[in-house]
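Chemist: no FASTA, just this:
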DNA sequence: ATAGGGTTAG
(Lines give C-alpha, C1' and ligand atoms only; values in the text may rest on other atoms or scores of the structure.)
Protein backbone atom coordinates (compact mmCIF):
# COMPACT_ATOMS: atom_id res chain seq x y z
CA UNK A 1 0.00 0.00 0.00
CA UNK A 2 1.02 3.56 -0.50
CA UNK A 3 2.97 5.21 2.30
CA UNK A 4 0.74 8.28 1.90
CA UNK A 5 -2.44 6.27 2.65
CA UNK A 6 -0.76 4.52 5.54
CA UNK A 7 0.25 7.79 7.19
CA UNK A 8 -3.17 9.29 6.56
CA UNK A 9 -4.84 6.34 8.28
CA UNK A 10 -2.51 6.53 11.26
CA UNK A 11 -3.21 10.21 11.76
CA UNK A 12 -6.97 9.64 11.31
CA UNK A 13 -6.87 7.03 14.06
CA UNK A 14 -4.95 9.49 16.18
CA UNK A 15 -7.56 12.22 15.95
CA UNK A 16 -10.59 9.93 15.79
CA UNK A 17 -13.20 10.96 18.38
CA UNK A 18 -16.36 8.95 17.82
CA UNK A 19 -17.12 5.34 17.17
CA UNK A 20 -18.87 6.23 13.93
CA UNK A 21 -15.64 7.78 12.65
CA UNK A 22 -13.73 4.72 13.73
CA UNK A 23 -15.97 2.43 11.70
CA UNK A 24 -15.33 4.53 8.61
CA UNK A 25 -11.58 4.36 9.19
CA UNK A 26 -11.90 0.62 9.72
CA UNK A 27 -13.59 0.35 6.30
CA UNK A 28 -10.82 2.33 4.66
CA UNK A 29 -8.27 0.12 6.40
CA UNK A 30 -9.81 -2.99 4.89
CA UNK A 31 -9.97 -1.49 1.39
CA UNK A 32 -6.38 -0.23 1.49
CA UNK A 33 -5.04 -3.36 3.26
CA UNK A 34 -3.84 -1.20 6.16
CA UNK A 35 -5.65 -3.76 8.31
CA UNK A 36 -2.71 -6.10 7.72
CA UNK A 37 -0.25 -3.74 9.39
CA UNK A 38 0.34 -4.12 13.09
CA UNK A 39 0.48 -0.47 14.16
CA UNK A 40 -2.80 0.75 12.65
CA UNK A 41 -4.36 -2.50 13.78
CA UNK A 42 -3.18 -1.92 17.33
CA UNK A 43 -4.51 1.61 17.28
CA UNK A 44 -7.85 0.38 15.99
CA UNK A 45 -8.20 -2.07 18.84
CA UNK A 46 -6.94 0.43 21.40
CA UNK A 47 -9.63 2.86 20.35
CA UNK A 48 -12.31 0.22 20.96
CA UNK A 49 -10.97 -0.76 24.39
CA UNK A 50 -10.00 2.70 25.64
CA UNK A 51 -12.91 4.80 24.40
CA UNK A 52 -15.68 5.72 26.73
CA UNK A 53 -17.85 3.71 26.53
CA UNK A 54 -15.64 0.93 25.28
CA UNK A 55 -16.77 -1.47 22.60
CA UNK A 56 -15.17 -4.76 23.40
CA UNK A 57 -17.34 -6.73 20.99
CA UNK A 58 -16.03 -4.68 18.11
CA UNK A 59 -12.45 -5.13 19.31
CA UNK A 60 -13.12 -8.83 19.59
CA UNK A 61 -14.48 -9.01 16.03
CA UNK A 62 -11.32 -7.36 14.75
CA UNK A 63 -9.12 -9.43 17.01
CA UNK A 64 -10.41 -12.85 15.89
CA UNK A 65 -9.46 -12.05 12.29
CA UNK A 66 -5.83 -11.36 13.16
CA UNK A 67 -3.48 -14.14 12.17
CA UNK A 68 -0.75 -13.60 14.67
CA UNK A 69 -1.65 -10.87 17.16
CA UNK A 70 1.34 -9.17 18.74
CA UNK A 71 1.78 -9.29 22.51
CA UNK A 72 0.86 -5.61 22.47
CA UNK A 73 -2.52 -6.52 20.99
CA UNK A 74 -3.01 -9.39 23.45
CA UNK A 75 -2.29 -6.93 26.23
CA UNK A 76 -4.81 -4.46 24.86
CA UNK A 77 -7.46 -7.16 24.79
CA UNK A 78 -6.65 -8.29 28.33
CA UNK A 79 -6.70 -4.71 29.56
CA UNK A 80 -10.01 -4.16 27.79
CA UNK A 81 -11.56 -7.15 29.51
CA UNK A 82 -10.12 -6.27 32.91
CA UNK A 83 -12.03 -2.98 32.85
CA UNK A 84 -15.43 -4.51 32.19
CA UNK A 85 -18.10 -5.84 34.52
CA UNK A 86 -16.84 -9.29 33.69
CA UNK A 87 -13.09 -9.17 34.32
CA UNK A 88 -12.93 -12.97 34.14
CA UNK A 89 -12.79 -12.48 30.36
CA UNK A 90 -9.28 -11.09 30.87
CA UNK A 91 -8.21 -14.37 32.41
CA UNK A 92 -9.70 -16.33 29.50
CA UNK A 93 -7.66 -14.17 27.13
CA UNK A 94 -4.54 -14.57 29.23
CA UNK A 95 -4.85 -18.35 29.23
CA UNK A 96 -5.56 -18.47 25.51
CA UNK A 97 -2.56 -16.30 24.83
CA UNK A 98 -0.27 -18.68 26.66
CA UNK A 99 -1.86 -21.78 25.17
CA UNK A 100 -1.05 -20.38 21.72
CA UNK A 101 2.57 -20.00 22.76
CA UNK A 102 2.78 -16.25 23.37
CA UNK A 103 4.84 -15.18 26.34
CA UNK A 104 3.44 -12.43 28.56
CA UNK A 105 5.57 -9.33 29.00
CA UNK A 106 5.80 -6.82 31.81
CA UNK A 107 2.73 -4.98 30.52
CA UNK A 108 0.62 -8.13 30.63
CA UNK A 109 0.90 -8.75 34.36
CA UNK A 110 -0.65 -5.57 35.75
CA UNK A 111 -3.70 -6.03 33.53
CA UNK A 112 -4.27 -9.67 34.32
CA UNK A 113 -3.63 -9.14 38.03
CA UNK A 114 -6.11 -6.33 38.08
CA UNK A 115 -8.67 -8.83 36.80
CA UNK A 116 -7.72 -11.38 39.51
CA UNK A 117 -8.13 -8.68 42.13
CA UNK A 118 -11.48 -7.61 40.73
CA UNK A 119 -12.96 -11.11 40.83
CA UNK A 120 -11.09 -11.94 44.07
CA UNK A 121 -9.45 -15.05 42.63
CA UNK A 122 -6.28 -15.67 44.58
CA UNK A 123 -5.84 -19.11 43.03
CA UNK A 124 -5.38 -17.73 39.53
CA UNK A 125 -3.51 -14.80 41.07
CA UNK A 126 -0.94 -17.21 42.49
CA UNK A 127 -0.53 -18.86 39.07
CA UNK A 128 0.15 -15.46 37.58
CA UNK A 129 2.64 -14.85 40.38
CA UNK A 130 4.47 -18.03 39.36
CA UNK A 131 4.50 -16.86 35.76
CA UNK A 132 5.99 -13.54 36.87
CA UNK A 133 8.81 -15.42 38.58
CA UNK A 134 9.35 -17.91 35.73
CA UNK A 135 9.44 -15.24 33.04
CA UNK A 136 12.01 -13.21 34.94
CA UNK A 137 9.89 -10.23 35.90
CA UNK A 138 10.23 -10.74 39.64
CA UNK A 139 11.87 -7.36 40.12
CA UNK A 140 9.46 -5.42 37.92
CA UNK A 141 7.98 -2.65 40.02
CA UNK A 142 4.60 -2.60 38.28
CA UNK A 143 4.19 -6.37 38.39
CA UNK A 144 5.06 -6.44 42.08
CA UNK A 145 2.76 -3.59 43.03
CA UNK A 146 -0.01 -5.32 41.10
CA UNK A 147 0.74 -8.59 42.87
CA UNK A 148 0.47 -6.93 46.28
CA UNK A 149 -2.76 -5.28 45.21
CA UNK A 150 -4.10 -8.64 44.03
CA UNK A 151 -3.18 -10.35 47.31
CA UNK A 152 -4.65 -7.70 49.57
CA UNK A 153 -7.83 -7.60 47.50
CA UNK A 154 -8.10 -11.35 48.05
CA UNK A 155 -7.63 -10.79 51.81
CA UNK A 156 -4.33 -12.69 51.67
CA UNK A 157 -2.45 -10.05 53.62
CA UNK A 158 0.38 -12.37 54.56
CA UNK A 159 1.39 -12.89 50.92
CA UNK A 160 1.08 -9.17 50.31
CA UNK A 161 3.21 -8.38 53.34
CA UNK A 162 5.78 -10.95 52.29
CA UNK A 163 6.23 -9.33 48.89
CA UNK A 164 6.26 -5.90 50.46
CA UNK A 165 8.93 -6.83 52.96
CA UNK A 166 11.12 -8.49 50.33
CA UNK A 167 11.76 -5.21 48.61
CA UNK A 168 13.44 -2.47 50.66
CA UNK A 169 12.48 0.43 48.40
CA UNK A 170 8.93 1.20 47.45
CA UNK A 171 7.58 4.27 45.82
CA UNK A 172 4.46 6.04 47.02
CA UNK A 173 2.20 3.70 45.01
CA UNK A 174 3.59 0.60 46.68
CA UNK A 175 3.11 2.10 50.12
CA UNK A 176 -0.39 3.24 49.23
CA UNK A 177 -1.29 -0.25 48.03
CA UNK A 178 -0.23 -1.78 51.31
CA UNK A 179 -1.96 0.92 53.37
CA UNK A 180 -5.21 0.53 51.41
CA UNK A 181 -4.88 -3.23 51.79
CA UNK A 182 -4.90 -2.91 55.56
CA UNK A 183 -7.76 -0.43 55.55
CA UNK A 184 -9.93 -2.66 53.37
CA UNK A 185 -9.27 -5.68 55.54
CA UNK A 186 -10.30 -4.04 58.80
CA UNK A 187 -6.78 -3.49 59.98
CA UNK A 188 -6.81 0.27 60.21
CA UNK A 189 -4.23 0.44 62.98
CA UNK A 190 -1.75 -1.44 60.78
CA UNK A 191 -2.48 1.03 58.01
CA UNK A 192 -1.60 3.90 60.34
CA UNK A 193 1.54 2.12 61.48
CA UNK A 194 2.69 1.60 57.87
CA UNK A 195 1.89 5.21 57.02
CA UNK A 196 4.11 6.37 59.86
CA UNK A 197 6.86 4.03 58.64
CA UNK A 198 6.55 5.53 55.20
CA UNK A 199 6.87 9.04 56.62
CA UNK A 200 9.92 7.89 58.58
CA UNK A 201 11.56 6.54 55.43
CA UNK A 202 11.10 9.91 53.80
CA UNK A 203 8.60 8.86 51.13
CA UNK A 204 6.27 11.77 50.63
CA UNK A 205 2.58 10.90 50.64
CA UNK A 206 0.22 12.14 47.98
CA UNK A 207 -3.55 12.65 47.98
CA UNK A 208 -4.30 8.97 47.62
CA UNK A 209 -2.12 7.96 50.54
CA UNK A 210 -3.61 10.73 52.64
CA UNK A 211 -7.15 9.66 51.82
CA UNK A 212 -6.35 6.09 52.80
CA UNK A 213 -4.77 7.01 56.09
CA UNK A 214 -7.64 9.36 56.94
CA UNK A 215 -10.05 6.49 56.40
CA UNK A 216 -7.88 4.42 58.71
CA UNK A 217 -8.02 7.16 61.36
CA UNK A 218 -11.80 7.27 60.96
CA UNK A 219 -12.05 3.51 61.49
CA UNK A 220 -9.83 3.59 64.57
CA UNK A 221 -11.46 6.76 65.89
CA UNK A 222 -7.87 8.04 66.07
CA UNK A 223 -8.54 11.77 66.18
CA UNK A 224 -5.00 12.59 67.21
CA UNK A 225 -3.38 11.03 64.14
CA UNK A 226 -6.23 12.32 62.02
CA UNK A 227 -5.60 15.90 63.08
CA UNK A 228 -1.89 15.43 62.49
CA UNK A 229 -2.56 14.15 58.96
CA UNK A 230 -4.93 17.05 58.36
CA UNK A 231 -2.16 19.44 59.40
CA UNK A 232 0.28 17.62 57.12
CA UNK A 233 -1.93 18.37 54.14
CA UNK A 234 -1.29 22.07 54.50
CA UNK A 235 2.47 21.57 54.67
CA UNK A 236 2.58 19.25 51.68
CA UNK A 237 1.26 21.98 49.47
CA UNK A 238 -0.98 19.83 47.31
CA UNK A 239 -4.68 19.98 47.14
CA UNK A 240 -5.62 21.81 50.31
CA UNK A 241 -8.61 23.87 49.38
CA UNK A 242 -7.44 26.55 51.78
CA UNK A 243 -4.22 27.11 49.88
CA UNK A 244 -5.20 26.04 46.44
CA UNK A 245 -8.04 27.04 44.23
CA UNK A 246 -8.55 23.53 42.89
CA UNK A 247 -10.49 21.37 45.30
CA UNK A 248 -10.35 17.65 45.75
CA UNK A 249 -13.77 16.49 46.82
CA UNK A 250 -12.57 13.00 47.71
CA UNK A 251 -9.87 14.34 49.98
CA UNK A 252 -12.28 16.83 51.54
CA UNK A 253 -14.79 14.06 52.15
CA UNK A 254 -12.12 11.90 53.76
CA UNK A 255 -11.22 14.76 56.13
CA UNK A 256 -14.89 15.34 56.91
CA UNK A 257 -15.44 11.65 57.49
CA UNK A 258 -12.43 11.42 59.79
CA UNK A 259 -13.78 14.17 62.08
CA UNK A 260 -17.30 12.78 61.85
CA UNK A 261 -16.38 9.20 62.73
CA UNK A 262 -14.19 10.44 65.59
CA UNK A 263 -17.24 12.15 67.02
CA UNK A 264 -16.13 15.72 66.33
CA UNK A 265 -19.45 16.51 64.73
CA UNK A 266 -19.13 20.27 65.07
CA UNK A 267 -15.74 20.31 63.36
CA UNK A 268 -17.05 17.95 60.70
CA UNK A 269 -20.10 20.11 60.05
CA UNK A 270 -18.02 23.28 59.88
CA UNK A 271 -15.75 21.57 57.35
CA UNK A 272 -18.75 20.31 55.42
CA UNK A 273 -20.24 23.79 55.25
CA UNK A 274 -16.98 25.16 53.83
CA UNK A 275 -16.52 22.54 51.14
CA UNK A 276 -16.58 24.14 47.68
CA UNK A 277 -18.00 20.97 46.18
CA UNK A 278 -20.21 18.39 47.86
CA UNK A 279 -21.20 15.20 46.18
CA UNK A 280 -23.60 12.56 47.45
CA UNK A 281 -20.85 10.84 49.42
CA UNK A 282 -20.09 13.99 51.40
CA UNK A 283 -23.77 14.44 52.25
CA UNK A 284 -24.06 10.79 53.19
CA UNK A 285 -21.03 11.02 55.40
CA UNK A 286 -22.49 13.95 57.34
CA UNK A 287 -25.99 12.44 57.51
CA UNK A 288 -24.54 9.13 58.63
CA UNK A 289 -22.49 10.83 61.33
CA UNK A 290 -25.55 12.54 62.81
CA UNK A 291 -27.36 9.24 62.81
CA UNK A 292 -24.46 7.41 64.42
CA UNK A 293 -23.96 9.94 67.17
CA UNK A 294 -27.52 10.04 68.39
CA UNK A 295 -28.73 13.04 66.41
CA UNK A 296 -31.18 11.21 64.20
CA UNK A 297 -33.44 14.21 63.73
CA UNK A 298 -30.51 16.33 62.63
CA UNK A 299 -29.82 13.62 60.04
CA UNK A 300 -33.30 14.20 58.63
CA UNK A 301 -32.88 17.95 58.67
CA UNK A 302 -29.70 17.64 56.63
CA UNK A 303 -31.43 15.22 54.29
CA UNK A 304 -34.08 17.83 53.56
CA UNK A 305 -31.31 20.30 52.78
CA UNK A 306 -29.71 17.77 50.48
CA UNK A 307 -32.97 17.36 48.60
CA UNK A 308 -33.24 21.12 48.26
CA UNK A 309 -29.79 21.22 46.72
CA UNK A 310 -31.14 18.93 44.03
CA UNK A 311 -29.34 15.70 44.89
CA UNK A 312 -31.16 12.37 44.80
CA UNK A 313 -30.51 10.01 47.72
CA UNK A 314 -28.77 6.75 47.00
CA UNK A 315 -28.64 3.50 48.95
CA UNK A 316 -26.13 4.83 51.47
CA UNK A 317 -28.41 7.77 52.25
CA UNK A 318 -31.31 5.39 52.71
CA UNK A 319 -29.33 3.09 54.98
CA UNK A 320 -28.62 5.98 57.34
CA UNK A 321 -32.16 7.32 57.27
CA UNK A 322 -33.73 3.91 57.82
CA UNK A 323 -31.42 3.39 60.75
CA UNK A 324 -32.44 6.81 62.07
CA UNK A 325 -36.11 5.79 61.86
CA UNK A 326 -35.32 2.61 63.77
CA UNK A 327 -33.68 4.66 66.51
CA UNK A 328 -36.45 7.25 66.66
CA UNK A 329 -39.14 4.60 66.54
CA UNK A 330 -40.53 6.49 63.59
CA UNK A 331 -42.64 3.88 61.87
CA UNK A 332 -44.60 5.99 59.43
CA UNK A 333 -41.52 7.94 58.41
CA UNK A 334 -39.87 4.59 57.81
CA UNK A 335 -42.84 3.44 55.77
CA UNK A 336 -42.39 6.53 53.62
CA UNK A 337 -38.75 5.63 53.02
CA UNK A 338 -39.77 2.06 52.27
CA UNK A 339 -42.19 3.30 49.62
CA UNK A 340 -39.49 5.54 48.18
CA UNK A 341 -36.89 2.79 47.81
CA UNK A 342 -39.47 0.53 46.21
CA UNK A 343 -40.27 3.21 43.64
CA UNK A 344 -36.61 3.60 42.73
CA UNK A 345 -34.13 0.83 42.09
CA UNK A 346 -32.56 1.37 45.50
CA UNK A 347 -34.58 -1.49 46.97
CA UNK A 348 -32.71 -3.95 44.78
CA UNK A 349 -29.81 -3.85 47.22
CA UNK A 350 -30.11 -6.63 49.78
CA UNK A 351 -28.52 -4.29 52.29
CA UNK A 352 -31.39 -1.83 51.85
CA UNK A 353 -34.00 -4.57 52.19
CA UNK A 354 -32.32 -5.70 55.36
CA UNK A 355 -32.28 -2.16 56.64
CA UNK A 356 -36.00 -1.70 55.88
CA UNK A 357 -36.61 -4.93 57.73
CA UNK A 358 -34.53 -3.71 60.65
CA UNK A 359 -36.58 -0.52 60.75
CA UNK A 360 -39.82 -2.50 60.95
CA UNK A 361 -38.40 -4.83 63.58
CA UNK A 362 -37.17 -1.96 65.76
CA UNK A 363 -40.33 0.09 65.43
CA UNK A 364 -42.31 -2.95 66.52
CA UNK A 365 -44.05 -3.85 63.25
CA UNK A 366 -42.99 -7.45 63.34
CA UNK A 367 -45.42 -8.66 60.68
CA UNK A 368 -43.81 -6.42 58.09
CA UNK A 369 -40.37 -7.33 59.35
CA UNK A 370 -41.11 -11.05 59.03
CA UNK A 371 -42.54 -10.54 55.57
CA UNK A 372 -39.38 -8.88 54.30
CA UNK A 373 -37.16 -11.31 56.16
CA UNK A 374 -38.74 -14.32 54.50
CA UNK A 375 -38.34 -12.71 51.08
CA UNK A 376 -34.65 -11.89 51.49
CA UNK A 377 -32.47 -13.57 48.90
CA UNK A 378 -29.57 -13.71 51.26
CA UNK A 379 -30.10 -13.79 55.00
CA UNK A 380 -26.81 -12.69 56.45
CA UNK A 381 -25.86 -12.32 60.07
CA UNK A 382 -27.13 -8.74 60.12
CA UNK A 383 -30.58 -9.79 58.92
CA UNK A 384 -30.90 -12.49 61.57
CA UNK A 385 -29.54 -10.17 64.23
CA UNK A 386 -32.01 -7.42 63.35
CA UNK A 387 -34.92 -9.80 63.75
CA UNK A 388 -33.62 -11.18 67.03
CA UNK A 389 -32.88 -7.73 68.38
CA UNK A 390 -36.19 -6.26 67.25
CA UNK A 391 -38.16 -9.07 68.83
CA UNK A 392 -36.19 -8.88 72.06
CA UNK A 393 -36.61 -5.11 72.23
CA UNK A 394 -40.37 -5.41 72.07
CA UNK A 395 -40.63 -8.06 74.73
CA UNK A 396 -40.93 -11.10 72.49
CA UNK A 397 -38.05 -12.90 74.17
CA UNK A 398 -39.22 -16.41 73.36
CA UNK A 399 -39.75 -15.57 69.70
CA UNK A 400 -36.32 -14.00 69.54
CA UNK A 401 -34.72 -17.13 70.95
CA UNK A 402 -36.70 -19.21 68.52
CA UNK A 403 -35.26 -17.10 65.70
CA UNK A 404 -31.82 -17.69 67.12
CA UNK A 405 -32.16 -21.46 67.04
CA UNK A 406 -33.38 -21.24 63.46
CA UNK A 407 -30.32 -19.18 62.69
CA UNK A 408 -28.06 -21.79 64.23
CA UNK A 409 -29.60 -24.40 61.96
CA UNK A 410 -28.70 -22.27 58.93
CA UNK A 411 -25.17 -23.32 58.12
CA UNK A 412 -24.40 -20.37 55.91
CA UNK A 413 -24.27 -17.88 58.80
CA UNK A 414 -22.83 -17.83 62.26
CA UNK A 415 -23.73 -15.38 65.00
CA UNK A 416 -21.41 -12.57 65.99
CA UNK A 417 -21.02 -10.37 69.05
CA UNK A 418 -24.07 -8.30 68.28
CA UNK A 419 -26.29 -11.29 67.67
CA UNK A 420 -25.45 -12.38 71.18
CA UNK A 421 -26.43 -9.00 72.60
CA UNK A 422 -29.87 -9.66 71.13
CA UNK A 423 -29.97 -13.24 72.39
CA UNK A 424 -28.94 -12.28 75.92
CA UNK A 425 -31.34 -9.39 76.06
CA UNK A 426 -34.10 -11.79 74.94
CA UNK A 427 -33.20 -14.06 77.86
CA UNK A 428 -33.30 -11.08 80.16
CA UNK A 429 -36.78 -10.04 79.02
CA UNK A 430 -38.06 -13.60 79.24
CA UNK A 431 -36.44 -14.12 82.64
CA UNK A 432 -34.50 -17.15 81.47
CA UNK A 433 -31.44 -17.45 83.68
CA UNK A 434 -30.25 -20.93 82.72
CA UNK A 435 -30.78 -20.32 79.05
CA UNK A 436 -28.87 -17.06 79.39
CA UNK A 437 -25.92 -18.88 80.90
CA UNK A 438 -26.10 -21.53 78.21
CA UNK A 439 -25.91 -18.96 75.41
CA UNK A 440 -23.29 -16.88 77.18
CA UNK A 441 -21.05 -19.94 77.39
CA UNK A 442 -21.78 -21.08 73.85
CA UNK A 443 -20.51 -17.75 72.59
CA UNK A 444 -16.90 -18.68 73.19
CA UNK A 445 -17.26 -22.46 73.29
CA UNK A 446 -19.06 -22.85 69.96
CA UNK A 447 -18.22 -19.72 68.00
CA UNK A 448 -14.95 -18.54 69.52
CA UNK A 449 -16.40 -15.12 70.35
CA UNK A 450 -14.78 -13.49 73.37
CA UNK A 451 -17.54 -11.84 75.43
CA UNK A 452 -17.25 -8.08 75.57
CA UNK A 453 -18.20 -5.83 78.43
CA UNK A 454 -21.75 -5.50 77.09
CA UNK A 455 -22.22 -9.24 77.20
CA UNK A 456 -21.20 -9.34 80.83
CA UNK A 457 -23.58 -6.44 81.34
CA UNK A 458 -26.41 -8.50 79.85
CA UNK A 459 -25.60 -11.47 82.09
CA UNK A 460 -25.53 -9.20 85.14
CA UNK A 461 -28.88 -7.85 84.01
CA UNK A 462 -30.35 -11.33 83.64
CA UNK A 463 -29.13 -12.41 87.07
CA UNK A 464 -30.11 -9.27 88.92
CA UNK A 465 -33.59 -9.07 87.42
CA UNK A 466 -34.09 -12.69 88.47
CA UNK A 467 -33.11 -11.73 92.02
CA UNK A 468 -29.81 -13.61 91.97
CA UNK A 469 -27.98 -10.56 93.26
CA UNK A 470 -25.09 -12.40 94.91
CA UNK A 471 -24.35 -14.28 91.72
CA UNK A 472 -24.61 -11.06 89.73
CA UNK A 473 -22.30 -9.25 92.13
CA UNK A 474 -19.83 -12.10 91.89
CA UNK A 475 -19.86 -11.90 88.09
CA UNK A 476 -19.22 -8.15 88.16
CA UNK A 477 -16.29 -8.63 90.51
CA UNK A 478 -14.72 -11.48 88.55
CA UNK A 479 -15.30 -10.35 84.97
CA UNK A 480 -12.05 -9.92 83.04
CA UNK A 481 -12.94 -6.38 81.91
CA UNK A 482 -13.18 -3.47 84.33
CA UNK A 483 -16.91 -2.97 84.85
CA UNK A 484 -18.24 0.37 83.66
CA UNK A 485 -21.05 2.43 85.12
CA UNK A 486 -23.46 0.58 82.84
CA UNK A 487 -22.58 -2.81 84.33
CA UNK A 488 -22.83 -1.52 87.90
CA UNK A 489 -26.08 0.10 86.84
CA UNK A 490 -27.54 -3.27 85.83
CA UNK A 491 -26.71 -4.62 89.24
CA UNK A 492 -28.11 -1.53 90.91
CA UNK A 493 -31.28 -1.94 88.94
CA UNK A 494 -31.61 -5.41 90.44
CA UNK A 495 -31.13 -3.87 93.88
CA UNK A 496 -34.08 -1.59 93.24
CA UNK A 497 -36.34 -4.38 92.02
CA UNK A 498 -35.43 -6.67 94.91
CA UNK A 499 -35.00 -4.00 97.63
CA UNK A 500 -31.38 -4.64 98.49
CA UNK A 501 -30.13 -1.41 100.06
CA UNK A 502 -26.94 -2.83 101.52
CA UNK A 503 -25.65 -3.98 98.16
CA UNK A 504 -26.71 -0.65 96.65
CA UNK A 505 -24.59 1.14 99.22
CA UNK A 506 -21.56 -0.93 98.26
CA UNK A 507 -22.19 -0.24 94.60
CA UNK A 508 -22.34 3.47 95.34
CA UNK A 509 -18.67 3.39 96.29
CA UNK A 510 -17.67 1.74 93.05
CA UNK A 511 -19.83 4.01 90.96
CA UNK A 512 -18.70 7.32 92.40
CA UNK A 513 -15.10 6.49 91.49
CA UNK A 514 -16.16 6.20 87.86
CA UNK A 515 -17.66 9.73 87.79
CA UNK A 516 -20.76 8.80 85.79
CA UNK A 517 -22.03 11.12 83.09
CA UNK A 518 -25.74 11.75 83.30
CA UNK A 519 -28.10 11.73 86.18
CA UNK A 520 -29.82 8.37 85.68
CA UNK A 521 -27.65 6.33 87.96
CA UNK A 522 -27.85 8.88 90.82
CA UNK A 523 -31.59 9.00 90.53
CA UNK A 524 -31.74 5.23 90.73
CA UNK A 525 -29.56 5.24 93.84
CA UNK A 526 -31.61 7.95 95.49
CA UNK A 527 -34.80 6.03 94.76
CA UNK A 528 -33.45 2.90 96.40
CA UNK A 529 -32.49 4.83 99.53
CA UNK A 530 -35.78 6.69 99.57
CA UNK A 531 -37.78 3.48 99.30
CA UNK A 532 -35.90 2.10 102.31
CA UNK A 533 -36.28 5.36 104.25
CA UNK A 534 -32.57 6.06 104.32
CA UNK A 535 -32.86 9.80 104.05
CA UNK A 536 -29.22 10.61 104.75
CA UNK A 537 -28.35 8.39 101.80
CA UNK A 538 -30.79 10.27 99.61
CA UNK A 539 -29.27 13.57 100.64
CA UNK A 540 -25.73 12.29 100.07
CA UNK A 541 -26.55 11.20 96.53
CA UNK A 542 -28.34 14.44 95.72
CA UNK A 543 -25.32 16.44 96.92
CA UNK A 544 -23.07 14.24 94.85
CA UNK A 545 -25.22 14.86 91.84
CA UNK A 546 -25.19 18.59 92.30
CA UNK A 547 -21.47 18.49 92.90
CA UNK A 548 -20.94 16.74 89.59
CA UNK A 549 -23.10 19.22 87.80
CA UNK A 550 -26.14 17.10 87.07
CA UNK A 551 -29.68 18.05 87.57
CA UNK A 552 -32.55 15.74 87.68
CA UNK A 553 -33.95 15.27 84.22
CA UNK A 554 -37.65 14.98 83.84
CA UNK A 555 -39.48 12.11 82.35
CA UNK A 556 -39.88 12.29 78.61
CA UNK A 557 -41.62 10.49 75.87
CA UNK A 558 -41.50 10.91 72.17
CA UNK A 559 -44.01 11.11 69.43
CA UNK A 560 -43.16 10.48 65.87
CA UNK A 561 -41.96 13.67 64.18
CA UNK A 562 -43.40 14.64 60.83
CA UNK A 563 -40.38 15.41 58.70
CA UNK A 564 -40.56 13.85 55.31
CA UNK A 565 -42.72 15.96 53.07
CA UNK A 566 -42.25 14.12 49.78
C1' DA B 1 0.33 0.95 26.76
C1' DT B 2 1.34 -0.97 32.85
C1' DA B 3 0.41 -0.23 39.69
C1' DG B 4 -2.73 2.75 44.45
C1' DG B 5 -8.22 6.54 46.20
C1' DG B 6 -14.02 8.40 49.65
C1' DT B 7 -19.80 6.96 52.31
C1' DT B 8 -23.34 2.35 53.53
C1' DA B 9 -27.62 -1.62 58.35
C1' DG B 10 -27.40 -4.91 63.85
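Modeler: Done, it's in. None of the values given here were measured: they were computed from a predicted structure. Numbering: from 1, shown residues only, chains lettered A, B, ... in the order given.
Chemist: C-alpha from now on. contacts and neighbour counts both.
Modeler: Fine.
Chemist: quick one, what contacts the spatially closest residue to residue A:394 that is not a sequence neighbour?
Modeler: Setting aside the residues directly before and after it, residue A:394 is nearest to residue A:364 in space (C-alpha to C-alpha, 6 or more residues apart in numbering), at 6.4 Å. Contact partners of residue A:364, counting by C-alpha atoms under 8 Å, 6 or more residues apart in numbering, are A:390, A:391, A:394.
Chemist: For residue A:364, give me phi and psi.
Modeler: Recorded main-chain torsions at residue A:364 are phi 90, psi 10, according to degrees, to the nearest 10.
Chemist: Residue A:205 too?
Modeler: Per degrees, to the nearest 10, the residue geometry at residue A:205, taken as phi and psi, is phi -70, psi 160.
Chemist: Now do the contacts for it.
Modeler: A:172, A:199.
Chemist: run the last query once more with 10 Å
Modeler: A:171-173, A:175-176, A:195, A:198-199, A:211, A:213, A:232-233, A:236 (C-alpha atoms under 10 Å, 6 or more residues apart in numbering).
Chemist: where's residue A:249 relative to residue A:310, distance?
Modeler: From residue A:249 across to residue A:310, the span is 18 Å (C-alpha to C-alpha, to the nearest Å).
Chemist: Residue A:247 now?
Modeler: According to C-alpha to C-alpha, residue A:247 and residue A:310 sit 21 Å apart.
Chemist: Neighbour count: the two, which is higher?
Modeler: The neighbour comparison of residue A:247 against residue A:310 (other C-alpha atoms under 10 Å) goes to residue A:247, with 17 against 8.
Chemist: Give the rounded mean pLDDT of whichever helix or strand residue A:421 is part of.
Modeler: Under the criterion of DSSP states H and E, residue A:421 resides in helix A:417-430. For helix A:417-430, mean pLDDT rounds to 94.
Chemist: From the contact counts, what lies against it?
Modeler: Helix A:417-430 makes packing contacts with helix A:381-393, helix A:397-409, helix A:433-447, helix A:453-465 when contacts are defined by 3 or more C-alpha pairs under 10 Å, 6 or more residues apart in numbering; DSSP states H and E.
Chemist: and the longest one, average pLDDT?
Modeler: When the per-residue pLDDT values of helix A:433-447 are averaged, the result is 94.
Chemist: overlap between the contacts of residue A:205 and the residues near DNA strand B?
Modeler: Residues shared between the contacts of residue A:205 and the neighbourhood of DNA strand B are A:171, A:172, A:173, A:176, A:211 [C-alpha under 7 Å from any atom of the strand].
Chemist: So which bits of the host helix or strand of the third one are buried?
Modeler: Looking back up the chat, that one is residue A:173. If you go by DSSP H and E, residue A:173 is part of helix A:172-184. Buried residues in helix A:172-184, counted by 16 or more other C-alpha atoms under 10 Å: A:173, A:174, A:175, A:176, A:177, A:178, A:179, A:180, A:181, A:182, A:183, A:184.
Chemist: What parts of the stretch 351-500 of chain A come near DNA strand B?
Modeler: So far as C-alpha under 7 Å from any atom of the strand goes, the stretch 351-500 of chain A lies against DNA strand B at A:351-355, A:358, A:381-383, A:385-386, A:389, A:415-419.
Chemist: How far does stretch A:94-105 sit from its chain's centre?
Modeler: Relative to the centre of its chain, stretch A:94-105 is centred 38 Å away, using C-alpha atoms, centre = their mean, to the nearest Å.
Chemist: Show residues contacting it.
Modeler: Residues external to stretch A:94-105 that are found in contact with it (C-alpha under 10 Å, 6+ apart): A:68-72, A:74-75, A:77-78, A:88-91, A:93, A:108-109, A:111-112, A:128, A:131-132, A:135-137, A:143.
Chemist: for the stretch 101-250 of chain A, which spans come out with low pLDDT?
Modeler: For the stretch 101-250 of chain A, the stretches with pLDDT under 70 are A:237-246.
Chemist: Closest one to DNA strand B out of the contacts of residue A:364, please.
Modeler: Closest approach to DNA strand B among the contacts of residue A:364 (C-alpha to the nearest atom of the strand): residue A:390, at 7.2 Å.
Chemist: if I pick the closest one, what's in contact with it?
Modeler: Contacts of residue A:390 (C-alpha under 10 Å, 6+ apart): A:326, A:357-366, A:369, A:384, A:396-397, A:400, A:422, A:426.
Chemist: Ok, residue A:58 next?
Modeler: Residue A:58 sits next to A:23, A:44, A:45, A:48, A:49 when contact means C-alpha under 10 Å, 6+ apart.
Chemist: from those, which would you call buried?
Modeler: Taking 16+ other C-alpha under 10 Å as the criterion, what is buried in the contacts of residue A:58 is A:44, A:45, A:48, A:49.
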